[in-house]
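In: Here is the input, now give the coordinates:
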Amino acid sequence: MKAARWHNARDIRVEEVEEPKAGKGKVKIKVEWAGICGSDLHEYAAGPIFVPVKDPHPVSKDVAPIIMGHEFSGRVVEVGEGVTKVKVGDPVVVEPILRCGECSACKKGKYNLCEHLGFHGLSGGGGGFSEYTVVDEYMVHKMPEGLSFEQGALVEPAAVALHAVRSSKIKPGDKAAVFGTGPIGLLVIEALKAAGASEIYAVEVSKERLQKAKELGATSVINPKEEDPVQKIRELTDGGVDVAFEVTGVPAVLQQAIDSTTFEGETIIVSIWEKEANLQPNNIVLKERNVKGVIAYRDIFPAVMELMKRGYFQAEKLVTKRIKLDDIVTEGFETLIKEKNQVKILVKPE
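Out: Okay, here's the model as predicted:
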């Protein structure tokens, strides 16, 4: 079968690999649609980050080259011995977290904080940028009736956004700012709408993405190339927002997000970072602000799909391009680097 494998930064190849089989406790899936994630883009542009290159990943036991793709949907084509959660023919999405099950976080049910955290499609184990993939039964969620496979490919990134908002102190009627309106930032805006935020300020340099932010529920948009986002937000909110979400991974933006909050405000860091960021701790201390990081999601995929049934996180509003697996580098990764008007690109393995 064909699969896109990461060999090194700027070196992803579509190659012929052996088709996997479903062993005990495993589920084999024919991939229908897979999304290119910001994390995938980080690995392509500046990896490795999650990709194991020297030592095998403790859970997957794999080392590069690895098949990429962790945002995907498909149909079950084979189940291994002991699998009862799904059957052949079921449409499914995959919650791609690799966890050890033995560390203190795993034992407390906080598996996204596993000491050996990895992702199927980033840390080995197979991936969604392939015709078929095999996953552990615990990763599989059956899709409800009415959700398309395209919609299913958005469940994973929407789960990142919903977990970020749920992990914050946001309450109905509160004010929020979202710094960065790429795919995750846009989904955060929708999650904030679902949470009842009264005012949502989107900060972004791409005019196309700012327009998309408005379409998805931002009440005000700010281009930092044209005006100071911190000053503007503080003016519009009479002192700052209750919660700011940093979704860019750009070092200078982290301080802006913190400074945009009111006293006792909160900043949620959603980004995965390629390098360190400097900040002035006094800006946190003197206003008794909080800064919190979030990673991935846990116990949230069913809630995401329920919100999708209610009209949130809709593919027709977020998917800007659909490509074939053979074109994943030129029409996928390179396009996302060069064209900032792109939101979500979906890949059809065939």
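In: make it CA atoms for all contacts and neighbour counts henceforth
Out: Noted.
In: for this protein, where's the lowest mean pLDDT among helices and strands?
Out: helix 38-46 (a mean of 91; mean pLDDT, DSSP states H and E).
In: buried stuff in it?
Out: Under the neighbour-count criterion of 16 or more other Cα atoms under 10 Å, helix 38-46 has Gly38, Ser39, Asp40, Leu41, His42, Glu43, Tyr44, Ala45 buried.
In: Repeat that for stretch 329-336.
Out: Those would be Val329, Glu331, Gly332, Phe333, Thr335, Leu336, for stretch 329-336 by 16+ other Cα under 10 Å.
In: what pairs with the host helix or strand of Val135, and is each one parallel or antiparallel?
Out: Counting by DSSP states H and E, the element that carries Val135 is strand 132-136. Here strand 132-136 is paired, per DSSP bridges, with strand 26-35 (antiparallel).
In: So what touches the helix or strand following the least confident helix or strand of the chain?
Out: Using DSSP H and E, the next helix or strand after helix 38-46 towards the C-terminus is strand 66-67. Residues from elsewhere that reach strand 66-67, judged by Cα atoms under 8 Å, 6 or more residues apart in numbering: 3-7, 51, 121-130.
In: Which parts of this structure belong to which domain?
Out: With automatic domain parsing as the criterion, the domains of the chain are listed as 2-154+313-348, 158-293.
In: could those go into JSON lines alongside distance to Val304?
Out: Below are these laid out as JSON lines (distance: least, Cα to Cα, whole Å):
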{"stretch": "domain 2-154+313-348", "distance to Val304": "9"}
{"stretch": "domain 158-293", "distance to Val304": "6"}
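In: which stretch among the ones you listed comes nearest Met305?
Out: For the domains of the chain, proximity to Met305 was assessed by Cα to Cα; domain 2-154+313-348 is nearest, at 7.5 Å.
In: gap between the closest one and the chain center?
Out: Between the centre of domain 2-154+313-348 and the centre of its chain there are 11 Å (Cα atoms, centre = their mean, to the nearest Å).
In: one step back: which helices and strands sit right next to whichever helix or strand comes after the strand holding Val135?
Out: Using DSSP H and E, the helix or strand that follows strand 132-136 in sequence is strand 140-142. In terms of contacts (3 or more Cα pairs under 8 Å, 6 or more residues apart in numbering; DSSP states H and E), strand 140-142 is packed against strand 91-94.
In: what lines up beside the strand it packs on in the sheet?
Out: strand 71-79 (antiparallel), strand 140-142 (antiparallel).
In: do you know which of the ones you listed lies nearest Glu226?
Out: Closest to Glu226 of those, according to Cα to Cα: strand 71-79, at 34.3 Å.
In: how about that closest one as CSV, C-alpha atoms only?
Out: Presented in CSV, the C-alpha positions along strand 71-79 are these (Å, rounded to 0.1, in the frame of the first residue of the first chain):
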residue,chain,number,x,y,z
GLU,A,71,-6.3,13.4,12.1
PHE,A,72,-8.3,10.9,10.2
SER,A,73,-11.5,8.9,9.7
GLY,A,74,-12.2,5.6,8.0
ARG,A,75,-14.1,2.4,7.9
VAL,A,76,-13.3,-0.8,9.9
VAL,A,77,-12.2,-3.6,7.6
GLU,A,78,-10.8,-6.1,10.1
VAL,A,79,-10.9,-6.6,13.9
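In: which other residues reach that strand?
Out: Contacts of strand 71-79 (Cα under 8 Å, 6+ apart): 21-23, 25-37, 86-94, 96, 128, 149-150, 152-157.
In: Lys348 and Gly69: what is the separation?
Out: Relative to Gly69, Lys348 is positioned 11 Å away (Cα to Cα, to the nearest Å).
In: Who has more neighbours out of these two?
Out: With neighbours defined as other Cα atoms under 10 Å, Lys348 and Gly69 compare such that Gly69 has more, 26 against 22.
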